[in-house]
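J.: Structural data only, the sequence is not supplied:
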Ligand SMILES: Nc1ncnc2c1ncn2[C@@H]1O[C@H](COP(=O)(O)OP(=O)(O)OP(=O)(O)O)[C@@H](O)[C@H]1O
Ligand SMILES: [Zn+2]
């Protein structure tokens with residue numbers, strides 16, 4: 001190591017358990033961060049600063065304004081650029097001596113093995129279940145530990161899978177995709193940036209512990225709830241399930257298992273379009289421009305099924321806030337039996353559910369409409385100044 005490296009890393013090299021040998025291990029190591037979003041940005045930042053020799057960054061998305069509240073390696077000037085490139089440039093600014101490789105592509109069953117096998121440790125900083133299962137299966141296949149993080153609203157989770165190639169994998173703990181009742185993605189239900197910061201930073205911590213040999217091999221799941229006291233809880237995890245298709249059985253068949261998996265449909269596929277699945281009683285769906293016309297001159301019932309918090313940020317003039325949970329309890333109280341009823345939400349999913357419920361109690365279901373694409377589409381197509389997020 002050069003003199004400037006002793007200076008740069010001195011504060012962590014003096015720590016028992018790190019020392020010169022630990023710093024050299026970090027320098028020789030390579031970590032792949034999948035997802036350069038809310039979790040990936042803080043993880044990349046600390047791994048780069050700590051001197052991890054090679055960092056790989058996978059992300060298929062581009063930077064958007066709504067990312068900047070938590071995806072701290074990106075900035076106004078990188079909006080529109082691939083996140084993998086934006087994060088690479090930011091980490092190179094932070095630490096010019098390390099090697100950063102960007103993979104601006106979707107990680108899928110066809111490329112996961114080739115990409116993961118180039119690195120020592122994998123960080124799952126993504127936000128969707130198909131990628132979580134794919135990463136877990138592939139990490140087992142290529143024999144790498146997988147440091148997995150998740151964050152939503154005020155809560156987060158952290159777990160290291162396939163630790164020492166003997167620890168449980170994601171499928172051992174979640175043989176079926178975990179149900180998140182009434183919950184959605186960060187985009188749907190929100191997340192506090194600091195929560196992703198906490199979990200992403202802990203993912204970097206776990207990676208550093210594994211590289212330097214400071215991590216024991218006891219599998220555990222850390223649960224973080226910013227609004228609870230205490231905020232951190234740790235649960236010991238069971239060992240591998242012998243019948244787990246991801247890590248149990250004959251290793252020679254695992255490659256085929258990954259190739260044959262349809263990860264998206266295993267996890268329930270895309271958010272259902274109720275109209276296509278035949279669950280909408282009649283075709284009472286309306287596009288933003290048509291709703292805009294319908295609102296002119298008349299004063300129909302407009303029900304906004306978002307939460308009161310979301311409603312207080314912005315809403316259509318004359319609309320009434322009836323959160324979906326309230327509407328489900330007493331649908332008849334909110335239906336206009338005379339004129340049209342228009343139901344809106346943010347992205348157009350909850351309003352479909354709500355409209356369906358209202359149709360089932362309406363004397364004329366053809367007068368109940370839900371706004372396609374929600375208020376997000378309204379802001380794009382009708383009113384660009386509408387401050388939806
Ligand atoms: N299979 C995948 N291949 C590559 N990148 C992925 C994959 N799955 C998820 N990602 C990336 O993981 C990141 C997850 O981060 P995060 O949820 O904070 O960002 P986001 O999706 O931009 O957020 P929002 O939900 O607010 O739009 C995203 O940048 C996303 O592009
Ligand atoms: Zn398993």
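T.: Sure thing, it's come through. Everything numeric in this text was worked out from a predicted model, so none of it was measured. Ligands and ions are numbered 1, 2, ... in the order given.
J.: burial of whichever residue of the stretch 1-150 of the chain sits closest to ligand 1, as a residue count?
T.: Distances between the stretch 1-150 of the chain and ligand 1 by C-beta to the nearest ligand atom are smallest at residue 37, namely 2.0 Å. Backbone N, C-alpha and C define where each C-beta goes, glycine included. Residues lying near residue 37 (other C-beta atoms under 10 Å) number 24.
J.: which non-adjacent residue is nearest it?
T.: Spatial nearest neighbour of residue 37, chain neighbours left out: residue 71 (5.3 Å); criterion: C-beta to C-beta, 6 or more residues apart in numbering.
J.: Then residue 87?
T.: With C-beta to C-beta, 6+ apart, the residue lying closest to residue 87 is residue 36, at 4.0 Å.
J.: can you pull the contacts of that neighbour?
T.: By C-beta atoms under 8 Å, 6 or more residues apart in numbering, the residues touching residue 36 are 44, 57, 58, 59, 71, 73, 74, 83, 84, 86, 87, 125.
J.: surely the residue of the stretch 1-150 of the chain closest to ligand 1 meets residue 125?
T.: Yes: taking C-beta atoms under 8 Å as the definition, residue 37 is a contact partner of residue 125 at 6.5 Å.
J.: what residues go with each domain of this structure?
T.: 3-266, 285-381 (automatic domain parsing).
J.: Quickly, which of those domains bottoms out on average pLDDT?
T.: When these are ranked by mean pLDDT, domain 285-381 comes last with a mean of 89.
J.: count of residues packed around the closest residue to residue 348 other than its chain neighbours?
T.: Nearest non-adjacent residue to residue 348, counting by C-beta to C-beta, 6+ apart: residue 374, 3.8 Å away. Residue 374 has 24 neighbours, counted by other C-beta under 10 Å.
J.: Would you agree residue 374 is in contact with residue 351?
T.: Yes: the pair residue 374 / residue 351 is scored as a contact, 6.3 Å apart, by C-beta under 8 Å.
J.: For those two, list the residues in contact with both.
T.: Shared contacts of residue 374 and residue 351, counting by C-beta under 8 Å, 6+ apart, come down to 344, 345.
J.: so how far is residue 284 from the residue nearest to residue 87?
T.: Distance of residue 36 to residue 284, computed by C-beta to C-beta, to the nearest Å: 41 Å.
J.: repeat for residue 176
T.: Residue 176 is 34 Å from residue 284, by C-beta to C-beta.
J.: ok, the two, which is more surrounded?
T.: Of the pair residue 176 and residue 284, residue 284 is the one with more neighbours under other C-beta under 10 Å, namely 23 against 9.
J.: Contact partners for the more buried one?
T.: 355, 359, 365, 366, 367, 368, 369, 370.
J.: does whichever residue of the stretch 151-300 of the chain sits closest to ligand 1 sit in a helix, a strand or a coil?
T.: At 3.5 Å from ligand 1, residue 187 is the closest residue in the stretch 151-300 of the chain, using C-beta to the nearest ligand atom. Look at residue 187: counting by DSSP: H, G, I helix; E, B strand; the rest coil, its state is helix.
J.: which residues touch residue 99?
T.: Counting by C-beta under 8 Å, 6+ apart, residue 99 makes contact with 53, 54, 55.
J.: Tell me what it is bridged to.
T.: Taking DSSP bridges, one obtains residue 54 as the residues bridged to residue 99.
J.: and what of the one 4 residues further on?
T.: Per DSSP bridges, the residues bridged to residue 103 are residue 58.
J.: wait, it sits on residue 57?
T.: Yes: the pair residue 103 and residue 57 passes the contact test of C-beta under 8 Å, sitting 6.7 Å apart.
J.: Give me the three-state assignment for the residue most central in space within the chain.
T.: Taking C-alpha atoms, centre = their mean, the centroid of the chain lies closest to residue 127, which sits 2.0 Å from it. Residue 127 falls in the coil class when you classify it by three-state DSSP.
J.: doesn't residue 34 make contact with it?
T.: No: the criterion here is C-beta under 8 Å, and residue 127 misses it with residue 34 at 10.6 Å.
J.: Run through the neighbouring helices and strands of the helix or strand hosting residue 8.
T.: Per DSSP states H and E: residue 8 is located in helix 3-13. If you count contacts as 3 or more C-beta pairs under 8 Å, 6 or more residues apart in numbering; DSSP states H and E, helix 3-13 packs onto helix 19-28.
J.: 10 Å instead?
T.: helix 19-28, helix 40-50 (3 or more C-beta pairs under 10 Å, 6 or more residues apart in numbering; DSSP states H and E).
J.: Contacts only, for the residue nearest to residue 348.
T.: Counting by C-beta atoms under 10 Å, 6 or more residues apart in numbering, residue 374 makes contact with 288, 304-306, 343-352, 388.
J.: Go again with 7 Å.
T.: Counting by C-beta atoms under 7 Å, 6 or more residues apart in numbering, residue 374 touches 344, 345, 346, 347, 348, 351.
J.: got the residues of the stretch 201-350 of the chain near ligand 2?
T.: 244, 246, 247 (C-beta under 5 Å from the ion).
J.: ok, and the closest non-adjacent residue to the first one?
T.: This means residue 244. Nearest to residue 244 is residue 172, by C-beta to C-beta, 6+ apart, at 4.7 Å.
J.: Can you tell me which residues in this structure are near ligand 1?
T.: Applying C-beta under 6 Å from any ligand atom, one finds that the chain approaches ligand 1 through 35-38, 58-61, 66-67, 71, 83, 106-107, 126-128, 131, 185-187.
J.: Mind doing that once more with 5 Å?
T.: 35, 37-38, 59-61, 106-107, 126-127, 131, 186-187 (C-beta under 5 Å from any ligand atom).
J.: which one of these is nearest residue 199?
T.: residue 38 (8.4 Å; C-beta to C-beta).
J.: Spatially, which residue comes closest to that closest one, not counting chain neighbours?
T.: Counting by C-beta to C-beta, 6+ apart, residue 38 lies nearest to residue 196, which is 3.2 Å off, once chain neighbours are set aside.
J.: Following the chain onward from the helix or strand harbouring that neighbour, which element is next?
T.: Assigned by DSSP H and E, residue 196 belongs to helix 193-212. Remark: after helix 193-212, the chain's next helix or strand is strand 220-225, criterion DSSP H and E.
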